[in-house]
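>>> Mind looking at a prediction? Sequence and model below.
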Amino acid sequence: MLGTIAGSPAIANTALYTAPADMCSPSSVTIHATTASASASATVAVTSAVPVVISPASMIMTVSQRATFTPIITSTADTSVTWTVNGIPNGSPSVGEVCVTGSNPCAGPNGAVSGSVDYIAPAAVPPTNPVSLTATSRADPSQTGSASVLIAAQTGPVSVSVSPAYAFVGASGASLSKFRFFSSVTGTINAGVNWNVQTAVTGQGCGGAARGSIDANGMYTAPTVAPSPNAIAVTATSLADATKSASATVAIASGPTIRVLLPSSVMAGAVESFPFQVQGLNFVAGNGSTASVILLNGTPRSTTCASATACTTVLNPSDVQSAATITVQVQNPGAPGALSNPVPFVIVPFDVSTGTIALSESQPEASGTDIVVVEPTTATASAAINVDFIGLLTSGSCGVQGSPLTITRPSSGSQTVSLCVHGNSLDRTFTYAFTGPNGGDIPVAASSVVGLFPNTIELDLTISSATATGLRSLFITTLNNDRAVATGMLEVK
């Protein structure tokens, strides 16, 4: 096209020339005017101002990764471009290929096209790295834009983590309420992620602006009202491998919010019922239909809420007989009542095995060794057991000596030493054991002490000439396998 010319009906002996949409070749045109007796001509130079920009302008991609690039063209109605990779039209398997967006397998554009395209990185790092992805304007082939793409080798399986895993964020008001999340990507040098937000409860909860928003740097902005259920998932998806992602859960602090479960886990096989408490925010105090209720896997339980921050129910042996994960929520009264964030209560398989560190006179120290503390109820014990004092029990009289109590083993045979232990919620049905280098080398029989303070237990210890010397800690295990320890209670000499 050379452009068009038309006479002006408003002004005699004038014409209007319109330049072509695309650059012509040659870049100048000659306009001729002719009458019956004379002619004249004028030369018009056609110039261009068609900038081409590619977004994003740079990117780190892992081998075989796919990403979208968009050309931005102004000052012309023709926004189509042709694509090259390192000068190769539509690229090649060795430098990466340009594809029609979403095509699988990759289909290269047929000539100049408008809009975004996909680029698929090569299967191996190319000799020339980074590669140059170039878009050339059809309106003016002298105008180009380029993006630099660094191709990175994958160093291992890609994994993503998000921290913190849980966040409690205030609702936005006159000023926006914000919270920063952080991502970590391993297995690739491309640490980039895409962030998004959605409801954390499939099929329930919020959508759109009601779930808040998150920017490219992981900065989350809370909505103005807490959703129901009060749980929003913040997800980071790896740019290197879109199949790998991780999520964190947000609860908006203006709605019912669970912060802590007491206990948060138990071992399977409890033989006694025990209290179960939910602590958080914005519960409705009381009991019955006018108060908040605890839901276990969606089923309401008899609940008493002592305050707006704590509700309690009872877990029975039938609730915790097998290993499982129970979803805990609090629902406030209403039609429908607002739901809190769901929180997992974990029932772990029954296992009371322990690890030991063996020390001796020739090897009195151990370094680089992990000490595993068995704590089935990771948040608290279902029975709040502890030890206030320990003493020698003589003729029914309980002495209060400072710990550790000192016991001298006999030179031969064995002897029985009676101790009294006082503490919170102690019971003769519990198991009492004193640790030692040889494990259970001190048999212990427990019984109630009549006439003394409540929760006072008599412990009859069998000490023999073979009992190992050294300091001992007292471990107390309830029928539900909750465990407490009182350190440095006894020394055998």
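Thanks, I have the structure now. Note that the structure is a prediction, hence the values are computed from the model and not measured. Residues are numbered from 1 along each chain as shown.
>>> Show me what whichever strand or helix holds Ala135 is packed up against.
With elements delineated by DSSP states H and E, Ala135 resides in strand 131-137, which encompasses its position. Helices and strands touching strand 131-137, by 3 or more Cβ pairs under 8 Å, 6 or more residues apart in numbering; DSSP states H and E, are strand 52-55, strand 66-73, strand 81-85, strand 96-100, strand 144-152. All C-beta spots, glycine's among them, are computed from the backbone N, C-alpha and C.
>>> Mind listing residues that contact it?
50, 52, 54, 69, 71, 73, 76, 78, 80-87, 91, 95-96, 98, 119, 143-149, 151 (Cβ atoms under 8 Å, 6 or more residues apart in numbering).
>>> Repeat that for stretch 92-106.
Stretch 92-106 is contacted from outside by 66, 68, 83, 85-86, 88, 90-91, 107-109, 113, 115-123, 126, 128, 131, 133, 149, 151, using Cβ under 8 Å, 6+ apart.
>>> Endpoints of that stretch, how far apart?
For stretch 92-106, the first-to-last residue distance is 11 Å (Cα to Cα, to the nearest Å).
>>> How about the helix or strand that contains Phe389, which residues are buried there?
When elements are defined using DSSP H and E, Phe389 is found to belong to strand 386-394. Residues of strand 386-394 classed as buried: Val387, Phe389, Ile390, Gly391, Leu392, Leu393 (neighbour count, 16 or more other Cβ atoms under 10 Å).
>>> residues in contact with Val271?
The contact partners of Val271, taken as Cβ under 8 Å, 6+ apart, are Pro317, Leu479, Asn480.
>>> so which of the residues you listed is the most crowded?
Neighbour counts for the contacts of Val271 were taken using other Cβ atoms under 10 Å; the highest belongs to Asn480, with 23 neighbours.
>>> Which residue, neighbours along the chain excluded, lies closest to that residue?
Ala270 (4.3 Å; Cβ to Cβ, 6 or more residues apart in numbering).
>>> if I look at the one you found, how far off is Asp427?
Between Ala270 and Asp427 the computed distance is 15 Å (Cβ to Cβ, to the nearest Å).
>>> Neighbour count for these two, which is higher?
The neighbour comparison of Ala270 against Asp427 (other Cβ under 10 Å) goes to Ala270, with 24 against 14.
>>> Any chance you could list what contacts stretch 341-358?
When contacts are defined by Cβ under 8 Å, 6+ apart, stretch 341-358 is touched by residues 200-201, 229-231, 249, 251, 257-258, 261, 264-269, 276, 296, 320, 322-329, 366, 369-372, 374, 376, 437, 439, 477, 481.
>>> which of those residues are buried?
Buried residues within these, defined by neighbour count using 16+ other Cβ under 10 Å: 200-201, 229-231, 249, 251, 257-258, 261, 265-269, 276, 296, 320, 326, 328-329, 376, 477, 481.
>>> Identify those among those that sit within strands.
Secondary structure of the buried ones among the contacts of stretch 341-358 is defined by DSSP state E; positions in strands are 249, 251, 257-258, 261, 265-267, 276, 296, 326, 328-329, 477.
>>> which one of those residues sits closest to Gly413?
If you rank those by distance to Gly413 using Cβ to Cβ, Thr477 comes first, at 29.3 Å.
>>> my guess is that closest one contacts Arg483, does it?
Yes - between Thr477 and Arg483 there is a contact at 5.0 Å, judged by Cβ atoms under 8 Å.
>>> Just the buried residues of the contacts of strand 131-137.
Listed as buried from the contacts of strand 131-137 are 50, 52, 54, 69, 71, 73, 76, 78, 80-86, 91, 95-96, 98, 119, 143-147, 149, 151; burial here means 16+ other Cβ under 10 Å.
>>> which residue sits closest to Thr462, ignoring its sequence neighbours?
Closest residue to Thr462 in three dimensions, ignoring its sequence neighbours and counting by Cβ to Cβ, 6+ apart: Pro443, at 4.4 Å.
>>> Is there a neighbour count for that neighbour? I'd like the number.
Around Pro443 there are 15 other residues, counting by other Cβ under 10 Å.
>>> Now that we're looking at it, what pLDDT does it have?
Each residue has a pLDDT score; the one for Pro443 is 93.
>>> in the stretch 251-400 of the chain, which spans are strands?
Under the criterion DSSP state E, counting those that start in this stretch, strands of the stretch 251-400 of the chain are mapped to 257-262, 265-267, 274-281, 286-287, 293-296, 299-301, 304-307, 310-315, 324-331, 343-348, 386-394, 397-398.
>>> Quick one: name whatever helix or strand follows the last one.
Right, strand 397-398. Per DSSP H and E, strand 397-398 leads on to strand 405-407 as the next helix or strand towards the C-terminus.
>>> Tell me how far stretch 456-475 lies from the chain's centre.
Its chain's C-alpha centre lies 46 Å from the corresponding centre of stretch 456-475 when counted by Cα atoms, centre = their mean, to the nearest Å.
>>> Straight-line length of that stretch, end to end?
16 Å.
>>> Show me what counts as buried in it.
Of the residues in stretch 456-475, Thr456, Ile457, Glu458, Leu459, Leu461, Ile463, Thr467, Arg472, Leu474, Phe475 count as buried by neighbour count, 16+ other Cβ under 10 Å.
>>> Kindly report the same for stretch 308-318.
Within stretch 308-318, judged by 16+ other Cβ under 10 Å, the buried ones are Thr309, Ala310, Cys311, Thr312, Thr313, Leu315.
>>> So what touches that stretch?
266, 269-285, 292-294, 301-306, 330, 382.
>>> which of those are buried?
Buried by 16+ other Cβ under 10 Å: 266, 269-270, 274, 276-284, 292-294, 301, 303-305, 330, 382, out of the contacts of stretch 308-318.
>>> Report the beta-bridge partners for Ser39.
For Ser39, the beta-bridge partners are Thr34 (DSSP bridges).
>>> Does it touch Ala33 like I think?
Yes - here Ser39 reaches Ala33: they are 6.6 Å apart, a contact under Cβ under 8 Å.
>>> These two: which is more packed in?
With other Cβ under 10 Å as the criterion, Ser39 and Ala33 differ in neighbour count, and Ala33 comes out ahead with 14 against 9.
>>> Next up, the contacts around that one.
Ala15, Ser39, Ala40, Ser41, Ala42.
>>> what about it, distance to Ser41?
The separation that Ala33 has from Ser41, given Cβ to Cβ, amounts to 7 Å.
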